[in-house]
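Asker: Return atomic coordinates for the entry below.
(one chain, ligands or ions: 1)
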Amino acid sequence: MVFNLYFHPLAKFPGPILWRVSRIPYAVSLLRGNLVKDQLEIHRKYGEVVRLAPNEISFTKEEAWHDIYTNRVGHQNPTKDPVWYKAPDDMPANIVTAIDPTLHSRFRRLLENSFTEGALRSQMPLVESYVDLLINRLRGLPMTPDNKIPGVVVNFVDWMSWYTFDVIGQLALGESFGCLKDSKFHPWVKTLNNLLKGMVYAASTRWYPGMESLRFKLLPKSVMEMQRQHSDCANEKINRRLNLETSKPDFVTPFMEDNIDFHEISLRETQSNLAILIVAGADATATALSGTFLYLVQNRNTLDNLTSDIRGSFPDEKDISIVTTSKLSYLNSVIIEGLRLTNPVPGGLPRIVPEGGDTYAGVFVPAQTSISVRPYTMSRSEKYFAEPDAFIPERWLPQDIRPAKFDNDHFGVSNPFSVGHSNCIGKSLALAEMKIVMARIIWAIDLHEYGERLDWTSLKTFMIIRRSLSKSGLLQGKERVPMKISI
Ligand code: HEM
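Answerer: Next up is the predicted model:
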């Protein structure tokens with residue numbers, strides 16, 4: 001402890017004493033789901049570069065995005081922190097968990113074929129078909145008795161998850177999970193939520209040598225069995241898709257074009273990479289959609305403006321498509337503002353400083369230190385955004401129509417898809433999925449907040465945000481379907 005406080009190479013960095021001497025306060029905060037809020041408080045108190053654990057430095061300086069995550073001439077890139085990036089034990093590495101840069105580029109180069117503009121164009125009809133299904137299912141729901149407005153009560157977050165999991169399931173595995181059709185979660189999707197939480201527990205044991213193997217010994221057999229069934233189910237679906245001799249417009253066709261007979265990436269690596277696309281893609285998009293809808297119903301004027309813009313732009317529902325919604329600048333601003341406040345990956349993307357140490361945002365950091373920027377803290381900082389906690393899409397409008405008070409906002413600080421060589425490969429797809437589903441829902445359905453008001457910032461955050469969302473409401477009107485939401 002004395003060493004960590006006074007003689008450690010990071011001793012000069014400020015931070016709370018207990019966090020500087022031991023990893024325990026950090027781990028406890030993480031396991032309680034409070035880490036992003038604690039990071040925010042610590043940065044507010046100790047400044048823009050703080051020590052959050054004996055070997056971890058946290059940045060909220062804008063330049064740190066560039067310095068940590070992009071290629072810099074004359075610098076070695078920091079690598080992903082192995083505490084956080086580790087494939088489940090029965091799986092080989094994939095694009096997300098690969099720490100070795102050569103392996104990562106090999107996966108990324110092949111997967112990029114599935115996310116080109118052309119690939120996205122060919123995937124659009126499939127995405128749109130699930131939006132049709134979603135709207136039809138919502139419209140067909142039986143009315144729930146209600147004292148004030150007739151309508152239907154639904155859990156809106158479930159519906160957003162069913163939509164994104166069905167879409168990504170179809171694209172990555174060749175078949176949807178049937179969530180929208182059956183109005184319920186497929187067991188695979190349910191298990192995934194438990195596994196994600198399990199990954200946080202697993203990460204927290206890696207800070208202590210010996211703890212990880214102890215964890216395996218202590219883990220109930222039922223949990224191990226659940227993990228095995230989860231991988232088996234994904235692999236079975238992937239194998240079925242790989243055996244189909246079709247050129248379906250999904251992720252698999254372009255990916256396999258350069259990987260005939262698995263000469264670039266083995267079958268097991270292919271399975272691992274396709275399965276991670278579901279984990280990486282579906283939950284994040286559902287979180288961003290749920291959060292943005294929540295802010296919309298809690299900001300009536302914004303929702304009304306967006307509704308008249310969408311309904312005014314499309315007299316006929318059939319004209320709403322991924323291509324036509326890409327031109328709606330107000331919808332675009334709503335989505336970017338939603339992502340700023342409900343960023344599904346809010347806690348940071350840890351990297352390890354290479355041999356010899358390096359300078360990030362003007363600060364020298366010794367080798368082997370874990371470093372990150374903190375998206376949640378930065379997005380809610382008055383230094384970077386006027387009224388940082390308020391949902392105001394107008395701040396993202398072009399300068400000539402943007403209210404002057406947002407002229408000094410630092411727009412480059414909000415990077416929900418990260419930046420650089422490991423940024424989100426599915427960014428364009430995620431934005432397309434969000435635009436089309438939001439436009440179609442808002443065109444067809446009147447949305448209202450329902451039940452007790454929920455504060456998004458009160459949700460627990462593990463690696464991802466935990467949306468333990470209670471009942472929500474959908475109320476059916478005469479021509480349109482008014483929706484009440486309680487998340
Ligand atoms: C709103 C939705 C989404 C958000 C906010 C988001 C955010 C992110 C972020 C922050 C990263 C960087 C992770 C890191 O460095 O550890 C990332 C990486 C990644 N995302 Fe997304 N994502 C979204 C949707 C998607 C979708 C739809 C897909 C694909 C189906 C996807 C696939 C990936 C993959 C494969 C990576 C790893 C890229 C690499 O390491 O080269 N994401 N995403």
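Asker: For burial, what's the neighbour tally of residue 185?
Answerer: Close neighbours of residue 185, defined as other CB atoms under 10 Å, add up to 17. Backbone N, C-alpha and C define where each C-beta goes, glycine included.
Asker: Let me know whether it touches residue 158 as I believe.
Answerer: Yes - when contacts are counted by CB atoms under 8 Å, residue 185 is listed as touching residue 158 (7.4 Å).
Asker: Taking the stretch 201-350 of the chain, what residue is nearest to the ligand?
Answerer: Distances from the stretch 201-350 of the chain to the ligand, computed as CB to the nearest ligand atom, single out residue 281 as the nearest residue at 2.7 Å.
Asker: looking at this, that residue is in a helix?
Answerer: Yes - assessed by DSSP: H, G, I helix; E, B strand; the rest coil, residue 281 belongs to a helix.
Asker: For it, the count of nearby residues, please.
Answerer: Using other CB under 10 Å, residue 281 has 23 other residues around it.
Asker: I'd like to know how far it sits from residue 138.
Answerer: Distance check for residue 281 against residue 138: by CB to CB, to the nearest Å, it reads 23 Å.
Asker: my hunch is that residue 296 is in a helix, does that hold up?
Answerer: Yes - read with three-state DSSP, residue 296 is one of the residues of a helix.
Asker: Hmm, it is touching residue 307, no?
Answerer: No - look at residue 296 against residue 307 with CB under 8 Å: they stay out of range, at 9.2 Å.
Asker: who has more neighbours, those two?
Answerer: Shown here are residue 296 and residue 307; by other CB under 10 Å, residue 296 has more neighbours (24 against 17).
Asker: List the contacts of that one.
Answerer: Neighbouring residues of residue 296 by CB atoms under 8 Å, 6 or more residues apart in numbering: 302-303, 306, 334, 338, 391, 447.
Asker: again, only using 10 Å
Answerer: The contact partners of residue 296, taken as CB atoms under 10 Å, 6 or more residues apart in numbering, are 302-304, 306-307, 334, 337-338, 391, 393, 438, 442, 447, 449, 485.
Asker: how close does it get to residue 408?
Answerer: Applying CB to CB to residue 296 and residue 408 gives a distance of 26 Å.
Asker: coming back round to it: just the buried members of the contacts of residue 296?
Answerer: Neighbour counting by 16 or more other CB atoms under 10 Å classes 302-303, 306-307, 334, 337-338, 391, 393, 438, 442, 447, 449, 485 among the contacts of residue 296 as buried.
Asker: Make CSV from the residues you listed and add secondary structure, distance to the ligand and pLDDT to it.
Answerer: Converted to CSV, the buried ones among the contacts of residue 296 look like this (DSSP: H, G, I helix; E, B strand; the rest coil; distance: CB to the nearest ligand atom, whole Å; pLDDT from 0 to 100):
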residue, secondary structure, distance to the ligand, pLDDT
302, helix, 19, 98
303, helix, 20, 95
306, helix, 18, 97
307, helix, 22, 95
334, helix, 14, 98
337, helix, 13, 98
338, helix, 9, 98
391, coil, 16, 98
393, helix, 16, 98
438, helix, 12, 97
442, helix, 18, 93
447, strand, 20, 83
449, strand, 22, 80
485, strand, 19, 48
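Asker: which among the residues you listed gets closest to residue 72?
Answerer: Set against residue 72, the nearest of the buried ones among the contacts of residue 296 by CB to CB is residue 337 (30.1 Å).
Asker: shared neighbours, residue 296 and residue 307?
Answerer: By CB under 10 Å, 6+ apart, residue 296 and residue 307 have these common neighbours: 442, 447.
Asker: so who does the residue of the stretch 201-350 of the chain closest to the ligand touch?
Answerer: So residue 281 contacts 164-165, 167-168, 171-172, 251, 424-426, 429-430, 433 (CB under 10 Å, 6+ apart).
Asker: Can you name the residue of this protein nearest to the ligand?
Answerer: Closest point on the chain to the ligand, by CB to the nearest ligand atom, is residue 426, at 2.2 Å.
Asker: surely that residue meets residue 279?
Answerer: No - when contacts are counted by CB atoms under 10 Å, residue 426 is not listed as touching residue 279 (11.5 Å).
Asker: of those two, who's got more company?
Answerer: Under the criterion of other CB under 10 Å, the comparison of residue 426 against residue 279 puts residue 426 first, with 23 against 19.
Asker: residues in the stretch 101-250 of the chain within reach of the ligand, list them.
Answerer: 108, 168 (CB under 6 Å from any ligand atom).
Asker: What segments of the stretch 101-250 of the chain are helices?
Answerer: 101-112, 117-139, 156-173, 179-182, 187-205, 211-218, 221-243 (DSSP state H, counting those that start in this stretch).
Asker: And the stretch 351-487 of the chain, by the same measure?
Answerer: Counting by DSSP H, counting those that start in this stretch, the stretch 351-487 of the chain has helices at residues 375-379, 427-444.
Asker: what about those helices, which gets the closest to residue 180?
Answerer: helix 427-444 (11.4 Å).
Asker: tell me what that closest one is packed against?
Answerer: Counting contacts by 3 or more CB pairs under 10 Å, 6 or more residues apart in numbering; DSSP states H and E, helix 427-444 packs against helix 117-139, helix 156-173, helix 267-298, helix 300-313, helix 322-325, helix 329-341, strand 481-485.
Asker: Out of these, which one sits most buried?
Answerer: helix 156-173 (a mean of 26; mean count of other CB atoms under 10 Å).
Asker: Alpha carbons only: can I get that helix in CSV?
Answerer: In CSV, the C-alpha atoms belonging to helix 156-173 read as follows (Å, rounded to 0.1, in the frame of the first residue of the first chain):
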residue,chain,number,x,y,z
PHE,A,156,-41.2,-1.2,-25.0
VAL,A,157,-37.7,-2.2,-24.3
ASP,A,158,-38.5,-5.9,-24.9
TRP,A,159,-39.9,-4.9,-28.3
MET,A,160,-36.7,-3.0,-29.2
SER,A,161,-34.6,-6.0,-28.2
TRP,A,162,-36.7,-8.4,-30.1
TYR,A,163,-36.3,-6.2,-33.2
THR,A,164,-32.5,-5.9,-33.0
PHE,A,165,-31.9,-9.5,-32.1
ASP,A,166,-34.1,-10.8,-34.9
VAL,A,167,-32.3,-8.6,-37.4
ILE,A,168,-28.8,-9.5,-36.3
GLY,A,169,-29.7,-13.1,-35.9
GLN,A,170,-30.9,-13.2,-39.5
LEU,A,171,-27.8,-11.4,-40.7
ALA,A,172,-25.1,-13.3,-38.7
LEU,A,173,-26.7,-16.7,-38.2
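Asker: Please state the offset of that helix from the chain centre?
Answerer: Relative to the centre of its chain, helix 156-173 is centred 14 Å away, using CA atoms, centre = their mean, to the nearest Å.
Asker: Now do it against helix 221-243, angle only.
Answerer: 50 degrees (axes from the mean of the first three to the mean of the last three CA atoms, to 10 degrees).
Asker: ok, back up a step: now list whatever residues contact both of residue 426 and residue 279.
Answerer: residue 168.
Asker: quick one: contacts for the most centrally placed residue in the chain?
Answerer: Taking CA atoms, centre = their mean, the centroid of the chain lies closest to residue 284, which sits 3.0 Å from it. Going by CB under 10 Å, 6+ apart, residue 284 touches 164, 339, 343-345, 416-417, 424, 426, 430, 464-465.
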